[in-house]
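Undergrad: Okay, predicted coordinates and the sequence, questions at the end:
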Amino acid sequence: MPKFLLKRWHGLHIVWTFVLIIGLIAALAAYHWVPAFVGLVLTGALAYYMLQAEKAFRKDLNEYIGTLSHRVKKAGSKVMQEMPIGILVYSENKVIEWHNPYLADILGRESAIGEPLQDVLPELKRRKDKEPTVDIPLGDKMFRVQVNEEERLLFFHDITWPADLEKRYQEEKLSLGVLMMDNLEEATQGMDDQTRSIVMAKITGEISEWAQKYNLYLRRTNSDRYFIVMNQKALQRLEQDRFEILDEVRDLTGENKVPFTLSIGIAAGPGTIPELGQVAQSSLDMALGRGGDQVAVKVGSKTTFYGGKTNAVEKRTRVRARVISHALRELIKDSDKVVIMGHRLPDLDSVGAAIGVLKAVQVSGKDGYIVLEGPNPSIQKLMLEVEDHERLGRWFITPDQAMQMMTPRTLAVVVDTHKASMVAEPRLLQQTGRIVVIDHHRRGEEFIQEAVLVYLEPYASSTCELVTELLQYFHDKLKMDMLEATSLLAGIAMDTKNFSLRTGARTFDAASFLRRHGADMALIQRIQKEDLQTYVDKAEVIKHAEIVYDHIAIAVTEPGQKYSQLLIAQVADTLLNMTDVYASFVVSERPDGLIGISARSLGDINVQLIMERLGGGGHLTNAATQLETTLEQAESLLKQTLEEIEAEEGLFE
């Protein structure tokens, strides 16, 4: 115990002793004054001693406090100068007023006092408002900067080791993938065994070199399929190089009649190994559903696509069409009724395909109904023909009528879309577990997962083509009405721009089948005719077109002018017919208040990828989106997206 504390302890006892003596003197004075006087003298002497002791105590106390304060100040100064934490003080004008030597060592300079804070530490701009900390790199280290805005103080904590550990942990996370030669059968058809072996050896060697380059574990599980194991670091490198293996294999076999293409599905992020395996397979299914020749990478809930620069290869075999046709027939026979619906704002392809499925239902002896929303200019002329038909018109019902007749055994057939949010009445899909999807669009992230039967073929020109093929295998003695055949052929003609785009041998086979069953080309021409005002409106929109990147036409309508989605699409088609225009985009307000963007391409640019970045989708050569924004903002978003894609990988092939 310090000396002054001991004295303090003794002093307290003396005070109590003094009080006791005074009491005794007072009692003694009552009997005799001489002893009392002697006691008083002795008490005075004692009081004097106590006073001297108190002075000595206060002197020692002041000396101790002075020494302690000096030691604390000295220790604080030493800590501020030598502690391994950077400290910086700045003024109201964001000018550095003081910093400790440790921060000077971090910055690699003797002093930064007097310099603007943003010039010395520009990384602080990344800090969001009111965020208490921000991580910034300084030299070869990482620091977490703690911000005290009230005192205008910054504290720099070295987090290099935990940051490196976190980075290493993230980089070494497991990722699984499945690689598939998606057109092996079509590409090798007609090859002799020797040629096939040589080509396959080239492709296998290319894939093996690619795996070694990126440190992937590759295991061949089938003649056309590989299993891939990698970490996140390798996946990041693959994404940075945008999966160059797709282009390398395609270029390697470019001299073939049908070049080989690859599709890859990759899963990363949280989840067990079995879960990642399932996600990798579903990612591959998504890549194949979008036409192949691309990669689908799913990290958590986010899916990113790479490639998809070529059209889907038309399958030469019709085995799948026959199998799907038989499966659909059994589902129809096992249902009490069938409800058929396409997408909102249906076009000729959607309605034509629905009429084709209705024919299949009626051939099976079941009742079928087509769900149709209110009037739509794009199908108005066809619907007038349907209403005048002796029996076809009565099978069209409204969404409310469909909701009333739905049962758990009702079969719902979705045509010309695979997204639940885009169907005429999404609630219908929740009333039954029996759903069939028939579509020709490239598969997007959103998909009707509950479907028991899916016929999605991106190579097809239209959904009407797919339905026509199904009808050929549905019944041996199928007979079609003229309007039924014409509706299907009109859908094919619309989606192929009168057989000028996205047509294959199977497209003409389907058209030939429909012509044999009475399809009327003259009626199709009347259905596709447009009035004078529509032509004038199209010319007005085209007048505002501009050319960017030398070969891309962008037309933006005047504010306040609202046009239907059909007219917007027609303008995009017209612009594509212009000389040196490889792709066209039309941006316009729609009657429903949304901003519509229609995109068309000759195949040199993938408009589907562009529209997907804006929340839409479609085909490589035909895509669209709708935005809840202003006309000016939609135009800005479109141009910004084009600029990003041009910087990343180039717009043109």
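TA: Here it is on my side, so go on. Everything numeric here is computed off the predicted structure, so don't read it as measured data. Numbering: from 1, shown residues only.

Undergrad: In CSV, could you pull the C-alpha coordinates for stretch 480-487?
TA: Extracted in CSV, the C-alpha atoms of stretch 480-487 (Å, rounded to 0.1, in the frame of the first residue of the first chain):
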residue,chain,number,x,y,z
MET,A,480,-58.4,-30.7,-90.1
ASP,A,481,-60.8,-27.9,-90.9
MET,A,482,-59.6,-25.2,-93.3
LEU,A,483,-59.5,-22.5,-90.6
GLU,A,484,-57.7,-24.8,-88.1
ALA,A,485,-54.9,-25.5,-90.6
THR,A,486,-54.9,-21.9,-91.7
SER,A,487,-54.5,-20.6,-88.1
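
Undergrad: OK, contacts around residue 414?
TA: Residues in contact with residue 414 (C-beta atoms under 8 Å, 6 or more residues apart in numbering) are 341-342, 423, 429, 435-439, 448, 451. No exception for glycine: its C-beta is placed from N, CA and C like everyone else's.

Undergrad: What pLDDT is listed against the most centrally placed residue in the chain?
TA: In the chain, the centroid-proximal residue (C-alpha atoms, centre = their mean) is residue 302; its distance is 4.5 Å. Each residue has a pLDDT score; the one for residue 302 is 83.

Undergrad: circling back to that earlier point, so which of the contacts of residue 414 are in helices?
TA: Among the contacts of residue 414, no member falls in helices (criterion: DSSP state H).

Undergrad: quick check, nearest of those residues to residue 256?
TA: Of all those, residue 256 sits closest to residue 439, with 29.1 Å by C-beta to C-beta.

Undergrad: what's the spacing between that closest one and residue 353?
TA: Per C-beta to C-beta, to the nearest Å, residue 439 is found 9 Å from residue 353.

Undergrad: what residues are shared contacts of these two?
TA: Jointly contacting residue 439 and residue 353 under the rule C-beta under 8 Å, 6+ apart are 415-416, 463, 466.

Undergrad: Could you identify which of those residues has the most neighbours?
TA: Among these, the one with the most neighbours (other C-beta atoms under 10 Å) is residue 415, at 32 neighbours.

Undergrad: ok, back up a step: so what sits opposite the residue nearest to the centre of the chain in the bridge?
TA: In this structure, residue 302 bridges to residue 299 when assessed by DSSP bridges.

Undergrad: Where in this protein is the helix or strand with the lowest mean pLDDT?
TA: Among the helical and strand segments of the chain, the one scoring lowest on mean pLDDT, DSSP states H and E is helix 3-29, with a mean of 58.

Undergrad: can you give me the strands for the stretch 251-400 of the chain?
TA: Using DSSP state E, counting those that start in this stretch, the strands of the stretch 251-400 of the chain run over residues 262-268, 294-299, 302-307, 338-341, 368-371, 396-397.

Undergrad: among the ones you listed, which gets the worst mean confidence?
TA: Among the strands of the stretch 251-400 of the chain, strand 302-307 has the lowest mean pLDDT, at a mean of 85.

Undergrad: orientation of that strand relative to strand 262-268 in degrees?
TA: For strand 302-307 against strand 262-268, the angle by axes from the mean of the first three to the mean of the last three C-alpha atoms, to 10 degrees is 160 degrees.

Undergrad: coming back round to it: in the shared contacts of residue 439 and residue 353, find the pair that's most separated.
TA: Once C-beta to C-beta is applied, those give 416 and 466 as the farthest pair, at 9.6 Å.

Undergrad: overlap in contacts of these two?
TA: Listed as contacting both residue 416 and residue 466 by C-beta under 8 Å, 6+ apart are 353, 438-440.

Undergrad: Please flag which of the residues you listed sit within strands.
TA: Among the shared contacts of residue 416 and residue 466, the members found in strands (DSSP state E) are 438-439.

Undergrad: Could I get the shared contacts of residue 416 and residue 466 in CSV, plus columns for pLDDT, distance to residue 397 and neighbour count?
TA: What follows is the shared contacts of residue 416 and residue 466, written out as CSV (pLDDT from 0 to 100; distance: C-beta to C-beta, whole Å; neighbours: other C-beta atoms under 10 Å):
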residue, pLDDT, distance to residue 397, neighbour count
353, 95, 17, 32
438, 94, 19, 29
439, 93, 22, 26
440, 89, 25, 28
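
Undergrad: Among the shared contacts of residue 416 and residue 466, which one lies nearest to residue 481?
TA: Residue 481 lies nearest to residue 353 out of the shared contacts of residue 416 and residue 466, by C-beta to C-beta, at 15.8 Å.

Undergrad: Quick one: residues contacting that closest one.
TA: Counting by C-beta under 8 Å, 6+ apart, residue 353 makes contact with 342, 415-416, 438, 462-464, 466-467, 488, 491.
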